[in-house]
Structures are given as structure tokens and as C-alpha cells.
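Engineer: have a look; sequence and predicted model below, questions after that.
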Amino acid sequence: MDDLEKAILLVYEPGAADPGLRAQAMAFCEQAKSDPSALLRLCLDRLHRSPLVPVQFWCLQALHDAILLRYRSLPLADLPLLRSSLLSLASDHPLLPSSSPFLRNKLAQAIAALIRIEYPALWPSPFLQLVPRLPSADSLAVDMFARLLAALDDDLLSQDYPRSPDEAAAASRVKDSMRLQCVPQIARHWFDAVSLYHSSDPHLAAAALDTMRRYVPWIDITLVANDAFIPLLFDLILAPASPEQLRSAAAGCVLAIVSKRMEPHSKLALLRSLRVSRVFADPDLVVKLATLITRYASEALECYKRLGSEGIERSSSLELLEEALPSVLYVMQNCDEVDSGNVVDFLSDYVSTMKSPSQTQVVYLGQILEVIRVQICYDPTYRSNLDIPDKIGREEEDQMGERRKELFTLFRSVCRVAPDAVQLFIRNLLVNSIPSLEMNVEEVEATLTLFYRYGETVSEEVMRTGGGLLRELIPMLLSARFSCHSHRVVALVYLETVTRYMKFVHENVQYIPHLLAAFLDERGIHHQNLNVSQRASYLFMRAVKLLKAKFVPFLDKILQSLEDTVARFTSVDWTSKELKCSGSEDGSQTFEAIGLLIGVEDVSPEKQSEYLAALLNPLCQKIKALLLDAKAQVLEESSAKVVMLQQIIVALNALSKGFNERLVSGSRPAIGIMFKQTLEVVLQILVMFPNIKPLRNKITSFLHRMVDILGVSIFPCLPMALKRLLVENEPKDMVDFIVLINQLICKFNTSMGCLLEMIFPAIASRLFAILSSDAFPSGSGANTEELRELQELQQTLYTFLHVMATHDLSSVFLAPSCKGYLDTVMHLLLLASCSHKDMLLRKLCVQIFVKLIKDWCSNFSGEDKVPGFRRFIIEKFATECCLYSVLDKSFDFRDANTLVLFGEIVLAQKVMYEKFGDDFIIHFLSKGLPAVHCPRDLAEQYYQKLQGHDIKTLKSFCQSLIENLRQHQNGSLVFR
């Protein structure tokens, strides 16, 4: 063993030496590669002499790298030696039969790399030299040739991998040359190798078939799809004694033949010649050949589609397709390994070709529906997990949701072409499910899910009238009670399905008692599972919105049925984990449904008052009792009493959604009095606990509702409520507060004047303190929740000022208590109108200035309401906002929002001219435009356009003026 061999052993056995010695060995090996000519001879010598596997592998790897990476460095005189030696190693002086497969693979890669570079120009006949001459050649040569073809396919020829343009050109060159020179000989070799070795060495025969599969896509199809090869392949597939590896390899070749890209007439003839149908009779074989059968059917379908109106051949392709279809459906149901997505895509494609299905096709559609039903069934293993549901159950639901997407697309396609067949299928499922004690959870859930999904495909007219079998199916559904109805997934999909078909009940009122029972009994709101009960509350509320007028005759029965549910909502422990995780569907929708029902004007005033009092009085009493009990305590946000108070407010809020101002303050004032009294009770919570944020949020939400329904009668309650809501506000709290104020202003307009004068100083001081110039964090961590809250508050502030200005409340800014904040407000508005990143917010600020100019300034030189305001507008706003800010390169006229802002800025200039006349125009023309070096002729044109009455012409001119000035930034003005 010489030094190189020792070094190689150290490199490949890192645990045998210390790192320093191994590093020296690696360096020594690299040094041996420095001279390409010496390396080539060294490696070829060692490959013939050394018995050490690591040494042989290192030599082959070094040769492969030299060919692939340093071919141009190899001396031309050495290349014949390299070729002949590689050929010798692969044929007449091969590596030892006992050598590891990875050595033969590496040799194959080296030969493939040389073929890639030299074939056919420099090395014209490697394949003819290497192809084994059977039966005289030994099995090692057959194995080596298979490995070479596989390596060449992997490294160059296969289109399954991304290739560079150079690689693609080399692949085309090699393929073209092989087609002309040696592909027929290679095909003959495949046949001979499989014929010779399929019994004695199935592994070798399978290797030959694998290389054939790889080459079928680009060789002449007649070389393999012929009277010799096809019988041989199907003998291997159909023979019971065939080893699985060999059967799979033969099936892979047939799959490649079936998938060969061809024009439809030739493809159809090929498919017919294969007689794939001979495998359809054996179910076990169908499962094993799932991919082949699915692809065969897909290709037949593709022929059918591409042949268009060509009658006989098109019919022939349809026969092949429908002959394979039962096997495809069998595969879908019984083979876990097959890609179900591909099968579903094929079936969807097949269904989409139908216009008026034949009787045979209707039968197939029924089988497809059954496949869909089976495939959407949950695994019974997860039955208890889905009922709770726990983490495993939720994951299974999510995964099933994904699996069902493509199946539902297929289902919709079937519904489109054969709605009657779908209705009949669902009817049979329902008929079998309802009385059965043996029908399991998964089957019932799948049945109801399909009925629910069918509703997506039905027109509103068919839904209302109950077209087809729906007139039988919907009543059957409404009265259904399944043996497994207690399970969560069954109960939920049952309620969703009932909700989907409610429009039928709208037209067929005789079924209203059945609909109500479905929502109100143990199948719905009184279901034992909390998830189901809460979802039922929400869905019942939706039913009430659609059918409330028709529910009125049943109102007493509904309220009686919900009495325990209403009581439980405000008495359970809402701090428990189960209830805390219930989300927006917390059961409060029951109160909303009740409110919607008793708020219907068809209910008599006396009954309405009676019903409402029966709901409001216990809730108010509960609030008073909780407040009395909590008076001497310091409550935490998470305490049970606080959570219970929140739930009561939520219930009151939901209940109020059934009432409107016209009813409450107009036709039935007694209702208004009850709600006002309720509001006064709720506000006592705010008096006692002004700092508990969750309670404040709920009360703010309730105030929004009371503003909507009580109208002006809410005014006596507002001063105290608003004062309390201003205590210790964080940015998010201030946003909620300002949104409430904006609602009040929009509803009551100038009637809010006095109240605003009272609270504006507190609002302004708090907002200005929060939004001080150093309040906004910057740097790498600037995109925080805190920053987002501040930005939202800033947006809300400008919206608030805009609402005040546009609702004729600008006088509030001038009230003695508010005037001290005017300068700060003007400064903020000017800054935002000039430089804020949000163009729509800048537009609001410009609109505020325009409204204030109209409100506070008389025409021309008359006396203004606010001394100094005219001068501020002319000297600051007109130049900084209307001129300098639009010259900024960030002011992009291609942006739609920027164009809207620019329109408001042009309008502001028009208003300033109309209000200020010469004061504005003299300053703008003598100081503003000259500062940006505007040519005199353009300034005069601007003045002329400003005097005109066409705002569109003025806007167009101003835009061209700005663009002109940007092109000639030749002055001292530095645009921001």
C-alpha cells in the first residue's frame, strides 16, 4: 500500500485518525489531482490493480470530476486512453463482480459525462461498443449498460429536472445522434435482456425495463409498442408468479408508452393495440396497477376531447374510457398509494365533457357519487376526538377540509350535469340513514354534507319551490332525528344543512314548526355539546332574520323554549376554559334572535312591552346585585363578577339589535323608556369601575346601539358617560372613544355643539399628549403594536376633526374653552396636509381647511371670525400644501389616491381665490410661484384659468404646470 492509498483510506475513514493527520491526507490527495495527465494514468492504474474499495471509488470520483470540470485541461493525447480504459472497465475488463453497486454507478456517471461532451463528434460509437451481445454477454455487462443508460438519463437526457440552455442543447445532440445510430440496437437489447433474465435474474430484467421506461418518451414508439414487446410486457404483468419488482417495472414501461405524446388518431390506435382491459378483471391487479389504469383512462379521455366531432373514432375513445372507468373508481376506493388528486382531476375532466348524460353515463355518475361519499367519510378512529373536539380532532377536521376541496369540486360538476341523479342519490342515503340504528357517525355526517353541498348548486327559484325531489327531501331533513345526532360533527352539519334550505320554508310555512324544533330542541340550542348549542344560536338568529314575520305566531312558544337558555347565559362561569374559547359565537345570538322577534311591529305594543320587560328587568336586577356585592371589593379584569357583567352587557346589546329609532322613539315610546332605564343601570358599572378596560369596551359598544335606537333622548346620559370614558385612556381606548363621538356628531349634527364644547378640551389635551412628536418609536423595532395603535389614533384624530368641520361644528374650535387648542390643531392639519404618507388622510386635512375657510372667512376684505386665519391660509397653507408639497417627487400623479388629493388641492385654490381675491392671488403669484422659478407666462396662464369656471380645466392645467416645474428644478428651492 503506497502513500496515496493510505491517504485515501484516512480521508474516507475520518474516525481512524486525528483531525490534523486527516487534513494532511486530504491535502495530499488534492495534490495528486494537480496534474490532469498524471492523475488520469494514476487512476486508471489503481482501478486495475488496487482491491481497496475506497481507493477505487476515489479514482472513479477523480476521473468523473476531471471529465466534468476540467475536460479542457486534459491533454488531447490522453483522451483515447481515457475512452478505451472506461470502455474496458465497463465491458471486457470490468470491475469485480463483487464490487459495490455504488462503484458501478460512479463508473457509469464518468462514462455518461464523457459521452455528454464528446458524442458523436469525438467519440462516435460508445453505445455500439458497450451494448451487450446477448446471449453471449455476461450479466455484469448487462447490469453495467443499464446503469450507464440510467446515469445518462439522470445527468442529461431526462426532462424531469431543470436544465440550463447548454445542457438542453447537449441533450438534444445526444438524443438525435442516438436515434440515428443505435436506438434500434438498444431496444433489441432490452427485449433480449428481459426475455433472457426475467426468470433467472428478475432484478436484472427489471433494471433493463427501468431504462427502457426512461427512454420511451423520446424514441420511436414502434420500437417498443409492437407485436414482440407488448405481449412480453403483459406476460410479466399478468403472470401470477411474476416478482413484484418485475411486474412494477413492466407496468412502468406500459405507462410510459400510454403517456407518449402523440396526435390523437395515432394515440387512439396505440391505446387500442395495448388491450389494457385484460387487467381490469383482477381486482388485486387493478390496485397494483393503479397509476397505469388512471393514466390510461386519462389518455383515452384526452383523445375523446381532441377528436372533436369525428364520430367513429370519438366513440371508440369513449368506449375505451368507459371500459376503464369502473377500475378507476375501484382504485379511488381501494388504493391508498395512488394520488387521489390526479384521479379526482380525471373524473372532473370526464364529467365536464358531458352535456346530456346517457343512461350508461348516469350509472357511472352514480358510482362517482358513491366514491365521493366514501372518500369524504371521517376515519372512525377519530370519532371521540372529533366529538370533544381536542387537538387531534381539530387537526383531523382541518386535514379533511383540505382533502374534501377537490372532491366537492367534482361533486358540483356532477350536480351540474345530472341534478336529478344527485337528488335521488341523496334521497336514498337519507332514507337509509334516518331509521337506521347501525348507520355510523361518519356515514351520516357524509350524507348531510353532500346534501348541504348540493344546496350550493341549486338556483334560488328551485330552492324556494322545492324543485324535483327537494319537496320531499327538505321536510324529511327537518323532521330527521339520527341515532348518532348527539355527536358534534353530525349535529353541526345537520344545522348548517337546515339553514341552507330555509328559503324553502319561507315559501312553505307549514314546515315552520319543524324548522323551529330543529333549532330549539336537543338537536340545536339544547344540544348537549356546547359548540353545537352556540352554533345553533347563531344559525337560529340567521333564521329569524329571514323568517321573523312568519315566526311571530310562534313567539310565545319560542320564548318559553329559550327561557332556560337565556337564564343560563348570564349565570354560568364564563372564566372556564371551555367558555373562554367559544369565540364570537358565544350564545349571545339567542338574545339577538329574541330581540329581532319581539321588535317586529306585528307584535302588539302591550305584548312587546311585556316580553321586553321580562328580559330587561332580570338582567338589570342582576347588574344591581353584582354592583352591590362588588362595592367593597377591588375587582380584577379576569374576576368572575367582571366577566359576568360583561356577558350581561353583551346580552343587552344583542337584544337591542331588534329595535330601531322609529319604533323606540316614535310609535312605541314605552320601549324607549325601558331601554333608557337599562342604559342608566349599565352606566352605573362605569361609575363604579371606570378603569376596567373590558367593561368599558362593552359599555362603549352598548352606547353605540343606544345612540342608534334612543335618538335625542340619550342626551341626558351622555355627559356622565363621556366623562367616565375619558379616564386614563390608552391609544386604543381613545380610538374607541373618538369613534363613538364621531357617531354622535354624524347622528345629531349641530345638536352636539354644547356637549362638544364641554369635552373637546379633554379630548384635545389627551390626544396631543399621546401623539406628541416623540411618541412614535423609530429604528429597527418601529413596526410594533404600539406604533400601529398610534397610527390608528392619528388617523382617527383627523377623521374626528373632519367630521366636526363637515357637520357645521367648526364654531366649537372657537369656543372660549377650546380656543387655546386652535394653533396646535392648525399646525397638525398643515403638517399632515403637506407630508403625511397616507394620501387619503391628506385629502381629509385639505377638505377641513376648505370648510374652515368657508365658515370663518368673509369674501374679500370683510371681517373674519378668526383674526390671523386668513393670513395663515394665504402664507402657509397656499404655498406649503398647494405648491411645495405637490412638487415633491413622492407626489405621484400615476397613483389614484394622489389624483384625488390633487383635485381637492386645486379646489382649495379656487375657494381661496373666491374668498380672498387679490390678497391670495398677489401673494401666490408674487412670492409662491417665483420661489419655485415659475416662468411669468405660466403664472399668467394660471391666473386666467383660476378666474374661469371649469374646475376640470384648472386641474388639468395645474397638473401640467407642476410637471413642467419639476422638469426645470433650476432654482434654489430644495424639494422635499
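Structural biologist: The structure has been received and is ready for your questions.
Engineer: and R272, how far from E313?
Structural biologist: Here R272 is placed at a distance of 10 Å from E313 (C-beta to C-beta, to the nearest Å). C-beta coordinates here come from the backbone N, C-alpha and C atoms, glycine included.
Engineer: L703 too?
Structural biologist: With C-beta to C-beta as the criterion, L703 and E313 are 75 Å apart.
Engineer: the two: which is more packed in?
Structural biologist: For L703 versus E313, neighbours defined as other C-beta atoms under 10 Å are more numerous around L703 (25 against 16).
Engineer: hang on, the more buried one packs against L740?
Structural biologist: Yes: with contacts defined as C-beta atoms under 8 Å, L703 counts as touching L740 at a distance of 6.1 Å.
Engineer: list the buried residues of stretch 208-224.
Structural biologist: Applying a neighbour-count criterion of 16 or more other C-beta atoms under 10 Å, the buried positions in stretch 208-224 are 208-219, 221, 223-224.
Engineer: same deal with stretch 687-696?
Structural biologist: For stretch 687-696, burial by neighbour count (16+ other C-beta under 10 Å) applies to M688, F689, P690, I692, L695, R696.
Engineer: where does the third one land in three-state SS?
Structural biologist: Secondary structure of P690, reduced to three states by DSSP: H, G, I helix; E, B strand; the rest coil: coil.
Engineer: list phi and psi for it.
Structural biologist: Main-chain torsions, P690, degrees, to the nearest 10: phi -70, psi -20.
Engineer: so which helix or strand takes in the nearest residue to L829 once chain neighbours are set aside?
Structural biologist: Leaving aside its sequence neighbours, L829 sits nearest to C845 (C-beta to C-beta, 6 or more residues apart in numbering; 4.9 Å). Assigned by DSSP states H and E, C845 belongs to helix 839-856.
Engineer: what lies in contact with that helix?
Structural biologist: Contacts to helix 839-856, defined as C-beta atoms under 8 Å, 6 or more residues apart in numbering, come from residues 795, 798-799, 801-802, 805-806, 808, 810-811, 814, 829-830, 832-834, 836, 864-866, 869, 873, 877, 881, 895, 897-898, 900-901, 904-905, 907-908, 911-912, 915.
Engineer: ok, stretch 214-225 next?
Structural biologist: Counting by C-beta under 8 Å, 6+ apart, 149-150, 153, 157-159, 175, 179, 183-184, 186-187, 190, 212, 253, 256-257, 259-262, 270, 273-274 sit against stretch 214-225.
Engineer: repeat the analysis, applying 6 Å as the threshold.
Structural biologist: Stretch 214-225 has contacts (C-beta atoms under 6 Å, 6 or more residues apart in numbering) with D153, K175, V183, A187, A256, I257, K260, L270.
Engineer: show the average pLDDT along that stretch.
Structural biologist: Stretch 214-225 shows a mean pLDDT of 96.
Engineer: all strands of the stretch 751-900 of the chain, in order?
Structural biologist: Remark: no strands are assigned in the stretch 751-900 of the chain by DSSP state E, counting those that start in this stretch.
Engineer: tell me where the model's unsure across it.
Structural biologist: Along the stretch 751-900 of the chain, segments meeting pLDDT under 70 span 773-783, 860-862.
Engineer: ranges for the helices of it?
Structural biologist: According to DSSP state H, counting those that start in this stretch, the stretch 751-900 of the chain carries its helices in the segments 753-770, 785-806, 822-835, 839-856, 869-872, 885-887, 896-916.
Engineer: let's have those helices in TSV, adding mean neighbour count and distance to V414.
Structural biologist: Shown next, in TSV, are those (neighbours: other C-beta atoms under 10 Å; distance: least, C-beta to C-beta, whole Å):
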stretch	mean neighbour count	distance to V414
helix 753-770	17	60
helix 785-806	18	48
helix 822-835	18	58
helix 839-856	20	48
helix 869-872	17	71
helix 885-887	20	59
helix 896-916	19	44
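Engineer: Serialize these to JSON lines and add fields for distance to K550.
Structural biologist: Formatted as JSON lines, these follow (distance: least, C-beta to C-beta, whole Å):
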{"stretch": "helix 753-770", "distance to K550": "43"}
{"stretch": "helix 785-806", "distance to K550": "41"}
{"stretch": "helix 822-835", "distance to K550": "53"}
{"stretch": "helix 839-856", "distance to K550": "44"}
{"stretch": "helix 869-872", "distance to K550": "60"}
{"stretch": "helix 885-887", "distance to K550": "59"}
{"stretch": "helix 896-916", "distance to K550": "46"}
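Engineer: helices of the stretch 301-450 of the chain, residue ranges please.
Structural biologist: All helices of the stretch 301-450 of the chain, identified by DSSP H, counting those that start in this stretch, fall at 311-334, 340-352, 359-375, 383-387, 391-417, 419-433, 441-456.
Engineer: same list, those helices, but as JSON lines with distance to V532 and mean pLDDT please.
Structural biologist: Listed next are those as JSON lines, based on distance: least, C-beta to C-beta, whole Å; pLDDT from 0 to 100:
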{"stretch": "helix 311-334", "distance to V532": "31", "mean pLDDT": "89"}
{"stretch": "helix 340-352", "distance to V532": "30", "mean pLDDT": "90"}
{"stretch": "helix 359-375", "distance to V532": "23", "mean pLDDT": "94"}
{"stretch": "helix 383-387", "distance to V532": "10", "mean pLDDT": "95"}
{"stretch": "helix 391-417", "distance to V532": "14", "mean pLDDT": "95"}
{"stretch": "helix 419-433", "distance to V532": "18", "mean pLDDT": "94"}
{"stretch": "helix 441-456", "distance to V532": "13", "mean pLDDT": "96"}
